[in-house]
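Student: need coordinates for the below:
(one chain, ligands or ions: 2)
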Amino acid sequence: MIELKNIERSYKTGAGQTWVLRRIGLTIQEGEFVTIMGPSGAGKSSLLNVLALLDDQWLGEYWFKDQPVHKMNRKQRAELAKKNVGMVFQSYHLLDDLTVQENIDLPLSYKDIPRAERQGLVADTLDHFQIVGKKDLYPSQLSGGQQQLVGIARAVIHKPALLLADEPTGNLHSTQAKEIMELFRELNQQGTTIIQVTHSELNASYGNRIIEVRDGWMVKDTAHPELGAEV
Ligand code: ADP
Ligand code: ADP
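Tutor: Ligands and ions are numbered 1, 2, ... in the order given. Next up is the predicted model:
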């Protein structure tokens with residue numbers, strides 16, 4: 001489903017530039033449940049932003065479902081993302097001027113779904129996440145944990161082919177975190193490919209592959225044990 005070849009990413013800083021992704025090569029098959037780990041500042045979120053088709057300031061090749069992302073313009077990338085990707089952001093990235101219900105409905109608005117079906121999906125999702133009572137509130141009226149749940153609900157409502165999640169349970173109680181991971185497992189079993197960034201051993205235990213990033217380098221991949229030995 002995903003093939004990265006020699007991905008490099010840097011940011012301009014005062015005098016020069018800082019490299020945050022170095023020669024990343026990675027193949028992810030449809031149906032995998034991958035965990036990206038590593039210390040703070042290692043480049044995990046940067047990698048996720050590339051995978052999410054949000055970032056275009058990188059070098060190298062990115063093939064998504066056999067399509068060359070490195071040759072696409074912004075509009076083509078956005079179209080591909082809307083069709084295929086759900087993303088849970090670490091800092092939620094909810095739209096402040098939309099209600100909970102409207103935020104959750106957003107991914108459905110990109111698709112040609114009949115109105116009644118769309119309303120049904122939103123109602124089911126609000127119900128599943130036990131946030132029916134919050135549906136008309138705005139993000140600023142919610143706690144961090146509630147915002148995180150809304151962010152997850154928005155990412156999964158359209159059953160994306162690829163689900164990306166940056167510390168998806170960081171603000172949740174342990175029982176809620178477990179419920180979310182059970183939901184991810186269920187989606188994965190139904191065919192959704194999942195890539196999560198996390199420090200949580202519980203979250204990692206739900207995946208079937210761990211990738212470790214340090215200083216922008218991929219230093220470990222449990223699917224390719226030889227990688228760690230070289231670095
Ligand atoms: P992680 O997710 O592993 O904590 P990040 O990908 O967020 O790491 O960041 C990797 C490095 O890139 C860090 O040193 C961070 O400060 C830097 N960085 C991330 N985004 C930017 C940006 N927009 N401008 C400058 N530096 C950035
Ligand atoms: P996320 O939920 O994607 O992790 P954050 O709230 O951690 O978002 O970061 C918000 C934005 O700030 C991201 O786009 C990230 O690239 C950027 N950022 C992170 N570190 C730095 C940095 N050192 N300098 C400038 N921007 C940064």
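Student: so what's residue 80 up against?
Tutor: 53, 64, 67, 69, 72 (C-beta atoms under 8 Å, 6 or more residues apart in numbering). (Each C-beta comes from the backbone N, C-alpha and C, glycine too.)
Student: quick check, the first one in a helix?
Tutor: In this case it means residue 53. No: secondary structure of residue 53 (DSSP: H, G, I helix; E, B strand; the rest coil): coil, not part of a helix.
Student: was I right to think it contacts residue 79?
Tutor: No: using C-beta atoms under 8 Å, residue 53 is not in contact with residue 79, being 9.3 Å away.
Student: more neighbours: which of those two?
Tutor: Neighbour count, other C-beta atoms under 10 Å: between residue 53 and residue 79, residue 53 has more, with 24 against 13.
Student: nearest residue to the more buried one other than its sequence neighbours?
Tutor: Spatial nearest neighbour of residue 53, chain neighbours left out: residue 81 (4.1 Å); criterion: C-beta to C-beta, 6 or more residues apart in numbering.
Student: same thing with residue 178?
Tutor: Nearest one to residue 178, counting by C-beta to C-beta, 6+ apart, is residue 202 at 7.0 Å.
Student: identify the residues contacting the one you found.
Tutor: 174, 177, 178, 181.
Student: element containing the closest residue to the first one other than its chain neighbours, please.
Tutor: If the residues on either side of it in the chain are set aside, residue 174 comes closest to residue 202, at 7.8 Å by C-beta to C-beta, 6+ apart. According to DSSP states H and E, residue 202 maps onto helix 201-205.
Student: and the pLDDT at the residue nearest to residue 53?
Tutor: Here the pLDDT value assigned to residue 81 is 96.
Student: ok so, going back, turn the contacts of residue 202 into JSON lines, including pLDDT, neighbour count and secondary structure.
Tutor: Shown next, in JSON lines, are these (pLDDT from 0 to 100; neighbours: other C-beta atoms under 10 Å; DSSP: H, G, I helix; E, B strand; the rest coil):
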{"residue": "174", "pLDDT": "94", "neighbour count": "10", "secondary structure": "helix"}
{"residue": "177", "pLDDT": "95", "neighbour count": "20", "secondary structure": "helix"}
{"residue": "178", "pLDDT": "96", "neighbour count": "15", "secondary structure": "helix"}
{"residue": "181", "pLDDT": "97", "neighbour count": "22", "secondary structure": "helix"}
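Student: which pair in these has the greatest spatial separation?
Tutor: Comparing every pair within these by C-beta to C-beta identifies 174 and 181 as the most remote, at 10.5 Å.
Student: picking up where we left off before, now, the contacts of residue 80 that are in strands?
Tutor: If you go by DSSP state E, those have 64, 67 in strands.
Student: buried ones among the contacts of residue 80?
Tutor: Among the contacts of residue 80, the ones that count as buried by 16 or more other C-beta atoms under 10 Å are 53, 64, 69, 72.
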